[in-house]
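In: have a look; sequence and predicted model below, questions after that.
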Amino acid sequence: MSQATFLNRQALHLRPDPARVIVRPFKPATEPRDLNPTDKIRANHIVDRVLALDPDAVAAQLADVLDNFQGRHRNLLETFEARADEMEDAFATHGVFSKTQRQLVGAYFLSEYSFEASALFNPSIVPHPDQSGAPNGGICVVISLRAIGEGHVSSLTFRTGTIAADGSLTVDPTARLASLPRISHRISGPDGERVELTFKGEEELSERVIFPITESQSNGIEDARFVEFSDGDRKAYYATYTAYSGRAIRSELIETSDFMSFRLTPLRGAAARNKGMALFPRKIDGRYAMIARQDNENLYLIYSDDLYTWEGGQAVLRPQFPWEFVQIGNCGSPIELDEGWLLLTHGVGPVRKYSIGAALLDKRDPSRVLARSSEPLLRPEPSEREGYVPNVVYTCGAMRHNEQIVLPYAVSDTFSSFATIKISALMEAMKR
């Protein structure tokens, strides 16, 4: 199978930018319930030192902080006060603070974090909920990306762009600032915490960053596989992702209709204990369906009645060709074509080299495999082999536009690029 007949790499790259920073709580001043006795003593020492300053010195110090950081973040004083509010229990023994003292204290318990300093990779792509600016014959899109910063902590970030009628993609300039959402709702349950998040309307989509919030996500929100889901006249965006606590992984689900408000929910069931789940873009025979990999080796078809509970499953794809002998996995949600469900897969071969392949599943019964690529659609080119994890190309989701598949993909777990695939040529190649 010759890539030249159906695949075109685009000269477009999204690279990590260490200048993009957020502010987040820093230890020892984490949430009061998490402070151990030593941290509480140290936190109180910091507060004591601030309160020992005379009012003029407090005002001067706060002005100096604002002079240094104001242009790097939105609403810094509001952020400082919100951080002081979070520390209220730990500060109770200190009496009454002036507003300026509270703001300065809040600043001492925050730190900047360059959330994409190390990598910007494993992208997925979906139609934008607002198509008012779409070009003739084209479409506006949202690209999700996994960002990695200091300590290998993964978060979720976004870009916007347009796909022209011919399939060429343009990515909009990235916002200079980066912002975290407000936690509007938080519920603890037997399966973990469900969290609802809201960004402000003035924050551009590329400015919005979803950083780990719950204990299960504390070391990363990894590899979000976004899909536009249709249920009758209703459309929503869902993404499965891997929550990593530093000790354990599990699959969780993001839901949004506008990329401004998000709900993050743990998934239940034996099939959700691994990574790499991808939701079909609509129900099949009245049930939700996923492609998943429960055993770290094969791909399974699983169903659910409620979207949140996933059990059992039927193996539909196993390693078959040399480039995927180590394991296979999905590369995002299946894409509906006239011919069937196009499922992009990744295969791991010798020297842990990752390549991207494809399979065609029956539209009515996705457990039936109609065709499969015997060779990779995309493998690391010489210029794509070097990076944080060498010899890897990977994607978390492509989309159809006209007669092409638009494929964002990661290069060696470092940066992201794009390719287009001619559907008719790919179908013919898979038949051969």
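Out: Good, I have the coordinates.
In: in this protein, which helix or strand is least confident?
Out: When the helices and strands of the chain are scored by mean pLDDT, DSSP states H and E, helix 88-91 comes last with a mean of 72.
In: now tell me what touches the very next helix or strand once past it from outside.
Out: Going down the chain from helix 88-91, the next helix or strand is helix 99-108, by DSSP states H and E. With contacts defined as CB atoms under 8 Å, 6 or more residues apart in numbering, helix 99-108 is touched by 29, 46-47, 50-51, 55, 58-59, 61-62, 65, 77, 79-84, 87, 91, 97. Heads up, the C-betas are built off the backbone N, CA and C, glycines and all.
In: now a ChimeraX select for only the buried ones of those.
Out: Here is the ChimeraX command that selects the buried residues among the contacts of helix 99-108 (16 or more other CB atoms under 10 Å):
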select :29,47,50,51,58,59,61,62,65,77,79,80,81,83,84,87,91,97
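In: out of the contacts of helix 99-108, name the ones that lie in strands.
Out: If you go by DSSP state E, those have nothing in strands.
In: ok so, going back, for the least confident helix or strand of the chain, packing partners?
Out: On a contact count with 3 or more CB pairs under 8 Å, 6 or more residues apart in numbering; DSSP states H and E, helix 88-91 meets helix 37-51.
In: relative to residue 60, how far out is the residue of the chain most remote from its centre?
Out: Distance from the centre of the chain peaks at residue 54, with 45.5 Å (CA atoms, centre = their mean). Residue 54 sits 10 Å away from residue 60 when distances are taken as CB to CB, to the nearest Å.
In: also residue 242?
Out: Taking CB to CB, one finds residue 242 at 46 Å from residue 60.
In: please say which of these two ends up with more neighbours.
Out: Just comparing residue 242 and residue 60: by other CB atoms under 10 Å the higher neighbour count belongs to residue 242, 21 against 12.
In: what's opposite that one in the beta bridge?
Out: Note on residue 242: beta-bridge partners residue 222, residue 251, judged by DSSP bridges.
In: show me what contacts it?
Out: Residue 242 makes contact with 220, 221, 222, 223, 249, 250, 251, 252, 275, 276, according to CB under 8 Å, 6+ apart.
In: how about residue 185?
Out: By CB under 8 Å, 6+ apart, the neighbours of residue 185 are 194, 195, 196.
In: 6 Å - rerun?
Out: Residues counted as contacts of residue 185 (CB atoms under 6 Å, 6 or more residues apart in numbering) are residue 196.
In: just to be sure, residue 123 is in a strand?
Out: Yes. Residue 123 forms part of a strand when assessed by DSSP: H, G, I helix; E, B strand; the rest coil.
In: for it, grab the count of nearby residues.
Out: Counted by other CB under 10 Å, the residues lying close to residue 123 total 29.
In: count of residues packed around the closest residue in space to it that isn't next to it in sequence?
Out: In this structure, residue 123 finds its nearest non-sequential neighbour in residue 408, 3.9 Å apart by CB to CB, 6 or more residues apart in numbering. For residue 408, the count of nearby residues is 30 (other CB under 10 Å).
In: residue 359 now?
Out: Neighbours of residue 359 under the rule other CB under 10 Å: 23.
In: wait, it touches residue 372, no?
Out: Yes. In this structure, residue 359 is within contact of residue 372 by CB atoms under 6 Å, at 4.6 Å.
In: can you give me the helices in this structure?
Out: Here the chain has its helices, by DSSP state H, at 37-51, 55-69, 76-86, 88-91, 99-108, 423-431.
In: in terms of mean pLDDT, which of those ranks lowest?
Out: Among the helices of the chain, helix 88-91 carries the lowest mean pLDDT, at a mean of 72.
In: quick check: domain ranges of this protein?
Out: The chain breaks down by automatic domain parsing into domains covering 3-19+115-431, 22-113.
In: which of those domains sits most buried?
Out: Most buried of the domains of the chain, by mean neighbour count (mean count of other CB atoms under 10 Å): domain 3-19+115-431, with a mean of 19.
In: pLDDT (mean, whole number) over stretch 111-129?
Out: In this model, stretch 111-129 has an average pLDDT of 97.
In: what does stretch 281-301 give?
Out: Mean per-residue pLDDT for stretch 281-301: 95.
In: tell me who's in contact with residue 197.
Out: 181, 262.
In: for it, give the beta-bridge partners.
Out: Listed by DSSP bridges, the beta-bridge partners for residue 197 are residue 183, residue 262.
In: from residue 210, how far off is it?
Out: In terms of CB to CB, residue 197 sits 7 Å off from residue 210.
In: may I have the least confident helix or strand of the chain as CSV, with CA atoms only?
Out: Only the C-alpha atoms of helix 88-91 are listed here, as CSV (Å, rounded to 0.1, in the frame of the first residue of the first chain):
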residue,chain,number,x,y,z
GLU,A,88,-9.4,30.1,54.9
ASP,A,89,-9.3,27.2,57.4
ALA,A,90,-5.6,27.2,57.6
PHE,A,91,-5.5,30.9,58.2
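In: now the residue lying closest to residue 235 once chain neighbours are set aside: how far from residue 238?
Out: Leaving out its chain neighbours, the residue that sits closest to residue 235 by CB to CB, 6+ apart is residue 228, at 6.2 Å. For residue 228, the distance to residue 238 equals 9 Å [CB to CB].
In: same check, this time on residue 155
Out: 19 Å.
In: just residue 98 next, same as before
Out: Distance, residue 98 to residue 238, by CB to CB: 47 Å.
In: hmm, who's touching stretch 306-325?
Out: By CB under 6 Å, 6+ apart, stretch 306-325 touches 267-272, 288, 298-302, 304, 328, 347, 349, 355, 359, 367, 374, 376.
In: centre of the chain versus it, how much separation?
Out: Its chain's C-alpha centre and that of stretch 306-325 lie 22 Å apart, by CA atoms, centre = their mean, to the nearest Å.
In: ends of that stretch, how far apart?
Out: One end of stretch 306-325 to the other measures 34 Å (CA to CA, to the nearest Å).
In: got it, and stretch 102-114?
Out: 25 Å.
In: next up, the contacts around residue 342.
Out: residue 335.
In: if you set the cut-off to 7 Å instead, what comes out?
Out: Residues counted as contacts of residue 342 (CB atoms under 7 Å, 6 or more residues apart in numbering) are 334, 335, 358, 360.
In: closest to residue 414 among those?
Out: Minimum distance to residue 414 across the contacts of residue 342 is 23.9 Å, recorded for residue 358 (CB to CB).
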